[in-house]
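# the sequence isn't on hand, but the structure is:
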């Protein structure tokens with residue numbers, strides 16, 4: 001059985017994204033462009049945040065960061081001016097198609113958590129007077145469900161859609177002004193917000209979480225990027241429809257039938273970076289209806305040692321409180337207690353070319369009478385393990401478990417020699433210390449594989465194996481405290 005489990009790790013997620021392959025006839029290769037520019041003048045380095053907003057950044061595209069099978073049309077200003085309206089809309093935009101099948105297993109009884117197949121189509125028009133439109137159509141398990149034996153209930157899994165689902169994961173209008181302002185309204189994603197789930201993860205087939213609302217980003221100059229967002233509904237894992245449900249709604253038990261839904265969320269954020277990108281600061285505040293107020297900040301500094309190696313030092317702090325709410329879903333839960341929690345973390349890393357090592361620690365605490373004795377509440381990242389805490393493991397997370405304490409993590413990243421630097425392995429070890437005896441002493445080892453294959457443009461491999469060990473006081477853990485906890489695998493084909 002162990003051989004089977006390890007072999008499943010090598011069964012990888014294989015997304016191949018394809019975009020329109022119309023290329024500008026006057027496009028210059030990056031190497032030539034850099035060489036020519038250096039011969040004319042030496043420009044000061046642009047601030048990293050100055051490039052966050054741009055005509056071809058496609059902020060709402062779930063697959064924008066991936067190497068695509070084709071490419072994205074990038075026109076010169078003179079070409080744009082010569083286009084008619086139809087050309088601006090259709091030739092000036094982009095699209096991606098992403099599809100396939102995936103499998104997830106995450107308990108000690110080798111019980112499948114979901115099997116799914118389907119695809120997503122993203123499209124966005126070109127700009128007219130700064131305006132454009134776009135969206136994502138998600139079609140999951142269109143002909144038959146593969147989960148009748150696995151999951152008898154109609155569960156819209158946040159990891160893998162388990163039944164036939166056809167929905168608009170995104171549908172939006174976007175306005176952009178130069179590299180200064182970007183605004184989106186409709187069914188949208190918030191990928192630069194640390195305490196909201198984003199719109200694409202490599203271990204998920206579908207778009208995991210999008211929101212019904214508005215988002216605005218403004219680059220003010222001087223390295224500052226300001227963000228504001230608000231939404232009144234979320235859609236998880238291609239579930240049909242935007243509702244007030246949160247990640248707590250499916251399991252949180254409340255007294256007297258108190259609602260676990262949220263009527264909306266508003267948030268403000270600021271990101272600062274120096275021109276050389278060596279120092280970065282993020283500050284965010286969230287007001288979650290029915291789920292409290294969350295304040296968060298993190299900062300990092302990169303210290304070059306040579307052209308090959310550098311050190312990085314990071315720190316983070318968060319506060320979660322029940323401000324502006326006398327009662328909410330958490331305080332009215334059967335476990336009771338108001339939201340009152342704090343979290344802090346630190347990380348140090350060393351990088352040498354493609355090889356890196358890092359060590360991190362997080363602590364979470366609060367008063368004994370608070371919810372979970374000081375548990376952090378995050379209604380849109382809980383259970384997804386995508387919050388920004390440095391020391392979270394692939395499967396264990398203090399926010400997801402609702403258990404405060406301390407976590408320590410050692411991690412690394414390296415490329416596998418002759419396979420090329422694109423084949424990246426990320427092993428890590430995590431240790432948990434907590435007053436809760438069920439998780440005190442828990443250990444987890446993870447191995448994550450990422451391989452964007454350069455020889456086959458757009459082909460991407462992904463795999464995970466996560467392993468846990470519990471301490472002897474974890475009385476509800478069987479199998480000699482040894483847990484074969486989580487395996488994810490998949491195969492995708494894109495045209």
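That came in fine, so what should we check first? Quantities reported herein were computed from a predicted structural model and do not represent experimental measurements.

# helices of the protein, start to end?
2-9, 30-40, 77-81, 85-90, 398-401 (DSSP state H).

# show me what contacts the nearest residue to residue 267 once chain neighbours are set aside?
In space, and not counting its chain neighbours, residue 267 is closest to residue 286: 4.4 Å by CB to CB, 6 or more residues apart in numbering. For glycine as for every other residue, the C-beta is placed from the backbone atoms N, C-alpha and C. Under the criterion of CB atoms under 8 Å, 6 or more residues apart in numbering, the neighbours of residue 286 are 195, 265, 266, 267, 293, 294, 295, 296.

# which residues pair with residue 286 across the strands?
residue 267, residue 294 (DSSP bridges).

# same check on residue 182?
Here residue 182 sits in beta bridges with residue 176, residue 217, as judged by DSSP bridges.

# relative to residue 50, how far out is it?
According to CB to CB, to the nearest Å, residue 182 and residue 50 sit 13 Å apart.

# which one's more surrounded, these two?
Taking neighbours as other CB atoms under 10 Å, residue 182 and residue 50 compare with residue 182 leading, 23 against 18.

# report pLDDT for residue 489.
Per-residue pLDDT puts residue 489 at 64.

# then residue 244?
On pLDDT, residue 244 comes in at 90.

# contacting residues around the closest residue to it other than its chain neighbours?
Among residues not flanking residue 244 along the chain, residue 261 sits closest, at 3.4 Å (CB to CB, 6+ apart). Residue 261 is in contact with 243, 244, 245, 246, 249, 290, 329, counting by CB under 8 Å, 6+ apart.

# how many neighbours does the fifth one have?
Residue neighbour count, defined by other CB under 10 Å, stands at 16 for residue 249.

# identify the residues contacting it.
260, 261.

# please tell me how far it sits from residue 382.
From residue 249 to residue 382 the distance is 11 Å (CB to CB).

# could you do residue 96 as well?
Relative to residue 382, and taking CB to CB, residue 96 is found at 29 Å.

# residue 231 now?
Distance from residue 231 to residue 382, by CB to CB: 17 Å.

# kindly report the same for residue 135.
In terms of CB to CB, residue 135 sits 27 Å off from residue 382.

# grab the nearest non-local neighbour of the residue positioned nearest the centre of the chain.
Compute the mean C-alpha point of the chain, and by CA atoms, centre = their mean the closest residue is residue 198, 4.3 Å away. Excluding its sequence neighbours, the residue lying closest to residue 198 (CB to CB, 6+ apart) is residue 191, at 4.5 Å.

# what's the local residue count around residue 48?
Residue 48, neighbours per other CB under 10 Å, totals 16.

# hmm, it is touching residue 278, no?
No - in this structure, residue 48 is not within contact of residue 278 by CB atoms under 8 Å, at 10.0 Å.

# run a quick neighbour tally on the residue lying closest to residue 424 once chain neighbours are set aside.
Among residues not flanking residue 424 along the chain, residue 450 sits closest, at 4.6 Å (CB to CB, 6+ apart). Counted with other CB under 10 Å, the neighbours of residue 450 add up to 18.

# in stretch 337-357, what counts as buried?
Using 16 or more other CB atoms under 10 Å as the test for burial, stretch 337-357 gives 337-343, 345-347, 349-351, 356.

# just those residues now: which is nearest residue 164?
residue 339 (37.2 Å; CB to CB).

# tell me the confidence at that closest one?
Predicted confidence (pLDDT) for residue 339: 94.

# please report the distance of the residue nearest to the centre of the chain from residue 322.
Between residue 198 and residue 322 the distance is 26 Å, computed by CB to CB.

# check residue 435 too.
Applying CB to CB, the value for residue 435 to residue 322 is 22 Å.

# again with residue 47
For residue 47 relative to residue 322 (CB to CB), the value is 38 Å.

# cool, residue 308 as well?
For residue 308, the distance to residue 322 (CB to CB) stands at 49 Å.

# more crowded one of these two?
Between residue 308 and residue 322, counting by other CB under 10 Å, residue 322 is the more crowded of the two (21 against 10).

# residue contacts, that one?
Residues in contact with residue 322 (CB under 8 Å, 6+ apart) are 292, 293, 328, 330, 331, 338, 339, 340.

# which residues touch the last one?
Looking back up the chat, that one is residue 340. 320, 321, 322, 366, 367, 370, 371, 374.

# neighbour-wise, which one of those leads?
Counting by other CB under 10 Å, top hit in the contacts of residue 340: residue 320 with 30 neighbours.

# which residues pair with that residue across the strands?
Beta-bridge partners of residue 320, as defined by DSSP bridges: residue 294, residue 341.

# wait, it sits on residue 292?
Yes - using CB under 8 Å, residue 320 makes contact with residue 292 at a distance of 5.9 Å.

# what is in contact with the two at once?
339, 377.

# which residues of this structure score low on pLDDT?
1-45, 67-77, 79-80, 106-114, 145-160, 162, 202-203, 417-421, 473-495 (pLDDT under 70).

# please name the nearest non-neighbouring residue to residue 321.
Closest to residue 321 by CB to CB, 6+ apart is residue 293, at 5.2 Å.

# please list all residues in contact with that neighbour.
Residue 293 touches 285, 286, 287, 320, 321, 322, 323, 324, counting by CB under 8 Å, 6+ apart.

# same deal with residue 347?
Applying CB under 8 Å, 6+ apart to residue 347 gives the contacts 312, 313, 314, 315, 358, 359, 360, 361, 390.

# then residue 318?
294, 295, 296, 297, 342, 343, 344, 376.

# let me see the contact set for the third one.
Contact partners of residue 296, counting by CB under 8 Å, 6+ apart, are 194, 195, 282, 283, 284, 285, 286, 316, 317, 318, 319, 388.

# now for the first one, how many residues are close by?
Just to be clear, that refers to residue 194. So residue 194, with other CB under 10 Å, has 22 neighbours.

# with the fifth one instead?
Counted by other CB under 10 Å, the residues lying close to residue 284 total 22.

# from residue 117, how far off is it?
36 Å.

# which of the buried residues of stretch 337-357 fall in strands?
Per DSSP state E, strands hold the following members of the buried residues of stretch 337-357: 340, 341, 342, 343, 345, 346, 347, 349, 350, 351, 356.

# once you drop chain neighbours, what's closest to the fifth one?
Distances taken as CB to CB, 6+ apart place residue 362 nearest to residue 345, at 3.9 Å, with adjacent residues excluded.

# identify the bridge partners of the one you found.
residue 345, residue 407.

# was I right to think it contacts residue 317?
No - look at residue 362 against residue 317 with CB under 8 Å: they stay out of range, at 10.5 Å.

# ok, those two, which is more surrounded?
Set residue 362 next to residue 317 and count neighbours by other CB under 10 Å: residue 362 wins out with 21 against 14.

# show me what contacts the nearest residue to residue 432 once chain neighbours are set aside?
When the adjacent residues along the chain are set aside, residue 432 lies closest to residue 442, with 4.2 Å between them (CB to CB, 6+ apart). By CB under 8 Å, 6+ apart, the contact set of residue 442 is 396, 431, 432, 468, 469, 470, 471, 474.
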